[in-house]
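*Asks:* Using only what follows, build the 3D model:
(chains A, B, C and D)
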Amino acid sequence: MKRIEYLKRIYEGRLIEINPKRLLITVPKDEFISALSTFKVNSFNQLTFVTAVDWIKESEFEIVANLYSRENRLNVFVKTRISRDNAEIQTITSIYSVAKKYEVELAEMFGIKVVGNEDAGKPFLLENWKSKPPLRKEFDSVAYAAEHYEARHVEEKND
Amino acid sequence: MGRLDEREAMEILDQLRKRSLWMLHYCTACGAVELPPTMTSRYDMERFGIVPFVTSRQADILLVTGYINIKTLRRIVTVYEQMLDPKYVVGFGSCTINGGIYWDSYAVAKRLDLYLPVDLYIAGCMPRPEAVISAFRHLMRLIDEGKADGYRRYKDNYDWFKANQKKVLGE
Amino acid sequence: MVTNILMIIFTPIIAFFIGVIFVGLKRKIIARIQRRYGPPVVQPLLDIIKLLAKKENISHGVMFDLGPVILLGAVIMTVQFLPTPNAPLLSNYGDLIALIYISVVGALGMALGAGEASNPNASIGVAKALSLMFSYELPFAIVVATIILRYQSTNINIIIHGQSYLHWGLFFLPITTIAGFISIYGAMGEHPFDVAVAPQEIATGPMVEYGGKHLGFLMIDHMMHTYIELALFVNLFMGGASNWFFFIAKMFGVYFVMTVIETVMPRFKMENAIKYFMRWPTILALIGLLTVYIGG
Amino acid sequence: MIRDYTLFIGPNHPGIHGNFSVKLQLEGDTIVSAKGDSGYLHRGFEKLMEHKLYLQNLALIPRICVPEPDINEAVYAMAIEELMGIEVPERAKYIRTIILEAARVNAYLFSLGGFGAMIGIYTLMQWSVGDRDYMLDLFSKLTGARIYHMYIWPGGVRRDFPSGFEEELLGWVRYIKDRLSDYDNLFFKNSLFVDRTKGVAKITDEEALNSGVTGPNLKATGVMQDVRIDEPYAAYPYLDFRIPVLSEGDAWARTIQRRMELELSLNLIEQAVKKMPKKGPVTVKIPNPFKWRIPKGEAYAKVESSRGEYGFYFVSDGGTKPYRVYVRGVSMPHMYPLAERLLIEANLSDAPMIIESLDICPPEIDK
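*Replies:* This next block holds a predicted model:
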């Protein structure tokens, strides 16, 4: 637990404890990579996942990276906010190589441009997908499904 | 005279054809987890002569097991066209009938019979092995009576099927 | 003489039906070991009829169509060189060496046919089938040399005659019999050695593009091929048979042992199969050859 | 022999358990490069969950990964309980542990049977899938469904064990225990199985840690990391158990690791049934599903599934529908950096076996 106190001292108060096993820190966009590397040095050597949350009201994407420390059995959410229109982040494969496919999924599902990850632009799950990235809040799946795929017309007989 | 023999020959062959149906070993979706129990020692569909075969050239039945993802639909159509007549398509689970629980998903087609001629549907959100076996026995009766003519329907209105496929697959 | 000619015409058909019954029983035995019922015994026959009744047939060129036909021709010819209980067929005109030569022709015909198929799986399967063939022919050749040395003749009838009154090869040349059993097991392409037609790895290898009538012919070849290998083993090591009943009973005995082994063995990898053939059967065959050579 | 060519172990291939494809560049028989291609089972779960009420999602989430659906329900329930701050009653904890361990045994029986079929021994698949079926009967007796149980819901479990269910469960556990010796003689002690898997697709422990590998694949390399011990949930704090760990890290070790964990799970079920409080509530009263608002916040609930660490990252904005749910699939790191690296320099006839030894569940990647 020595490293956790050390981390708390560095980030003086920004490192919050949601519950005994989960820590949370929000860093500005340009500090994201440096925060990840400091956490990696201090026993958080496993990346669990990287994803994004689309806060459409504040028109911002929130990038969440979840790191796990084997030593202290703790998870930490390292979060950062980027603007929604022409969103762009730096790749973190230099720190955690496993993040490559997570970033590809991020790019395809949210339309976030990942600088430095050559697979990010290419299609991964969806094949010749023409409309908006599906996980954005303004993309309406029900309307898309009703319009593109013909359903079986079952006439209601309430006799 | 020729016409009569051809029909009679067909009937006799249909009698024998139903006793050895080869199923294509292609698990397209989540229903495929109920296939191993049907094939293995408890329900054992091999006693009806139904064996999972490897390539589309050797198979008679194409089992579309569950929802139809668009990317998978393109492969299912290619595999179906590679199979040799007479071939049968069995829609497995309610997702092939009307989209099932994924009615609102942007990546799942709703009706299988728009894209492939379906001979038989099995209802259930993942039908039980007993339902699968009773469905195969019903398919045998259809073949017996010569009603399982999906492959002929596909050839007759080929353009209609191709138009639907093009509308969804986009190319 | 007349019965011999009649038998020459009918033996391939009898061989086919024996093969069908044996494969049907094999699937039943495997099913019972796997705690289930298994298909009816005549299931292979139903499969073949269904395949031949297929309406549409995809062909990748003339050689692709001729592959199964060459195999069928070679198989029918091989059946003629195997003496059946009361009719020597052509076995007096072609000895053991000719028999081995003809059985290789069939495999080559099949290889040419499958090579034509445009699927890479088929060509990998063909390559594996041929390299497997070299590996199991080696111990088989040594075993044949031992038998020829032992009975001082290459004519199978004389070999059978030499084994009469229970002087079977099984009891008097036990080591050679084991080597012969393993190499014939490989020749049949039965399960642990079905490297060439492995469904999981190369999607049934050479048969990947064969469907409909082509596959029907291949199934017929497989049934008769089963008869040939078993009849060869019975003639060389179990002294042939005086009448059809004993002949079938002995063949089924050998086949039962093969089926039981097949159910509980995973599949060899290509290198492992070749190493295996080069090691155990070859050593046993050499020991058998030495004992016969020294024994005089 | 054709020199170098491309071969698809494609979606329609018996060598693939599930529905994804690997594009191999081959030279002769050795694989030069492998590139995975998935997305064949993509239904957009994360999008579907965003416009469904909390209890409507209960019917949707078990359908994410088919061989082991109960982990989804457990993780969904734990995430909501963490946000709502409710505590699951004692008996419900034990029932959840029993259900999760029984689902793990089923998943192992299924994947070991599939692994046996990959290298050609179909008898193991016939036996193991047949034995798994008896547990599915118990599941359908308890929850009404064979595969998708929808039994664990936020606040506990849907209903209590019917009378005499514990005896049947212990009967099944004893039955599987003495079947294991048959499996050993048939498969795990078979020399051919050892030849084909020993030393194939070997990974070292730090390589596994760097590429995000969890579960039996990681434990087979000697690293002891298991959510049941690091962050005990449900009734695991009250059970005492030690997880055996191998160290070779090759295909053989992964398979034997699964075999040992199968036996451990059987013991855990017996232990849980013995220690379970006989009476007591099985669920906490949850509010009316239509007006049920989860307080604003986020939670990452994780569970040790039969493949590794499986979790939901659950964000709620206080509304009646989940704002964002990220499904942390176990097989994503197993497939993308790991399987593609292990296939290089491997023999073609080993390729399906290597992929199956990593026990990759394609819907976890596609979601």
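
*Asks:* So residue D:102 sits against residue D:169, correct?
*Replies:* Yes - assessed by Cβ atoms under 8 Å, residue D:102 is found in contact with residue D:169 at 7.3 Å. In short, each C-beta sits where N, CA and C put it, glycine included.

*Asks:* Can you check which residues contact both of these two?
*Replies:* D:138, D:269 (Cβ atoms under 8 Å, 6 or more residues apart in numbering or on different chains).

*Asks:* count of neighbours near the nearest residue to residue C:209 once chain neighbours are set aside?
*Replies:* In space, not counting the residues next to it along the chain, residue C:209 is nearest to residue C:117; the distance is 3.6 Å by Cβ to Cβ, 6 or more residues apart in numbering or on different chains. For residue C:117, the neighbour count with other Cβ atoms under 10 Å in any protein chain shown is 26.

*Asks:* now do residue D:33
*Replies:* Count around residue D:33 with other Cβ under 10 Å applied: 13.

*Asks:* Retrieve the pLDDT associated with it.
*Replies:* Per-residue confidence (pLDDT) for residue D:33: 90.

*Asks:* And residue B:5, by the same measure?
*Replies:* For residue B:5, pLDDT reads 66.

*Asks:* before we move on, what about residue B:97?
*Replies:* For residue B:97, the model assigns a pLDDT of 89.

*Asks:* ok, residue 150 - how many residues close by?
*Replies:* Assuming you mean chain A. Applying other Cβ under 10 Å, we find 14 residues neighbouring residue A:150.

*Asks:* To clarify, I was referring to chain C.
*Replies:* Residue C:150, neighbours per other Cβ under 10 Å, totals 21.

*Asks:* so how far is residue C:73 from the residue nearest to residue C:209?
*Replies:* 20 Å (Cβ to Cβ, to the nearest Å).

*Asks:* give me every residue that touches the residue lying closest to residue B:44 once chain neighbours are set aside.
*Replies:* Spatial nearest neighbour of residue B:44, chain neighbours left out: residue C:36 (3.9 Å); criterion: Cβ to Cβ, 6+ apart. Taking Cβ under 8 Å, 6+ apart, we find residue C:36 in contact with B:40-42, B:44, B:46-47, D:126, D:130.

*Asks:* Check whether residue C:36 sits in a helix, strand or coil.
*Replies:* Classification of residue C:36 using DSSP: H, G, I helix; E, B strand; the rest coil returns coil.

*Asks:* any idea how far it lies from residue D:178?
*Replies:* 20 Å.

*Asks:* repeat for residue D:226
*Replies:* Applying Cβ to Cβ to residue D:226 and residue D:178 gives a distance of 27 Å.

*Asks:* which of those two has more neighbours?
*Replies:* residue D:226 (22 against 8).

*Asks:* right, and that one touches residue D:304 too?
*Replies:* Yes - Residue D:226 lies in contact with residue D:304 (Cβ under 8 Å); the separation is 5.4 Å.

*Asks:* Residue D:102 and residue D:169: which is more packed in?
*Replies:* residue D:102 (24 against 20).

*Asks:* How about the more buried one: what's its closest non-neighbour residue?
*Replies:* In space, and not counting its chain neighbours, residue D:102 is closest to residue D:135: 5.8 Å by Cβ to Cβ, 6+ apart.

*Asks:* so what does the helix or strand containing the one you found touch, helix or strand wise?
*Replies:* Here residue D:135 sits within helix D:122-143, counting by DSSP states H and E. Counting contacts by 3 or more Cβ pairs under 8 Å, 6 or more residues apart in numbering or on different chains; DSSP states H and E, helix D:122-143 is packed against helix B:35-39, helix D:90-118, helix D:165-183.
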